[in-house]
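Asker: mind looking at a prediction? Sequence and model below.
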Amino acid sequence: MTVSYNQYNQLIEKLMRKIIESKYKPDFILVVASGGFYNGVPIAKALGVPYSVILARHYKENSDSIVDQVEKKVLFSKHIAAFDVDLKKAKRLLVIEDLDDTGDTLHDLMLFLRKILGQTIEMRTAALWHKKSSVFPVDFIADYIDIDSKTNKIPWIVQPHEGLINSLKKKFKL
């Protein structure tokens, strides 16, 4: 399933509308990179909320990644990059991801954040897409993905920036 920039922007607007209509007012947004960067940063900037980025990826054996924390199946970067913001002072944190696939990333990230930030911070999650097979209950979802009745498979999503990356690789024979 290839998503155009126009479709992508509409999903971001839909997600932001759900956050605003909920009356939830985060005082900090944590964007899960790399995919969540493309939707999380515009939402944070539009809301006027400070944001930061954390890198996450599924754990691979014999990985040489520099990581500080491994929670179950997901690796997280050593540092959460932020300017002039102390994440530990946040009262309401919104974690934004692009796609909640299995639920592993958000589940493990929330465990990781609880260890760092404690139990008193209110944390909620948002994602553009949520696969119905995911085990994680995302708070704000723009769109749900289910098994395609024609192929009997969950569709693979090609986001606009991924299409651009693929095009650049092809054009420059990389």
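Answerer: Everything's here; your move.
Asker: and Tyr38, what does it touch?
Answerer: Counting by CB atoms under 8 Å, 6 or more residues apart in numbering, Tyr38 touches 8, 98, 159, 161. In short, each C-beta sits where N, CA and C put it, glycine included.
Asker: what separates it from Glu21, distance-wise?
Answerer: From Tyr38 over to Glu21 the distance is 22 Å, taken as CB to CB, to the nearest Å.
Asker: packing partners of the longest helix seen in the chain?
Answerer: As assigned by DSSP state H, the longest helix anywhere in the chain is helix 5-21. Other helices and strands packing on helix 5-21, by 3 or more CB pairs under 8 Å, 6 or more residues apart in numbering; DSSP states H and E, are helix 37-47, strand 122-131, strand 140-145.
Asker: which is the next helix or strand following the first one?
Answerer: Downstream of helix 37-47, the next assigned helix or strand under DSSP states H and E is strand 51-58.
Asker: among the contacts of Tyr38, who's most crowded?
Answerer: Highest neighbour count within these, by other CB atoms under 10 Å: Asp98, with 26 neighbours.
Asker: check contacts around the nearest residue in space to that residue that is not next to it in sequence.
Answerer: Closest residue to Asp98 apart from its sequence neighbours, by CB to CB, 6 or more residues apart in numbering: Gly35 at 3.4 Å. Residues near Gly35 by CB under 8 Å, 6+ apart: 97-99, 159.
Asker: go again using 7 Å as the cut-off
Answerer: The contact partners of Gly35, taken as CB atoms under 7 Å, 6 or more residues apart in numbering, are 97-99.
Asker: which strand or helix spans the residue minimising distance to the centre of the chain?
Answerer: In the chain, the centroid-proximal residue (CA atoms, centre = their mean) is Glu97; its distance is 1.1 Å. Assigned by DSSP H and E, Glu97 belongs to strand 92-100.
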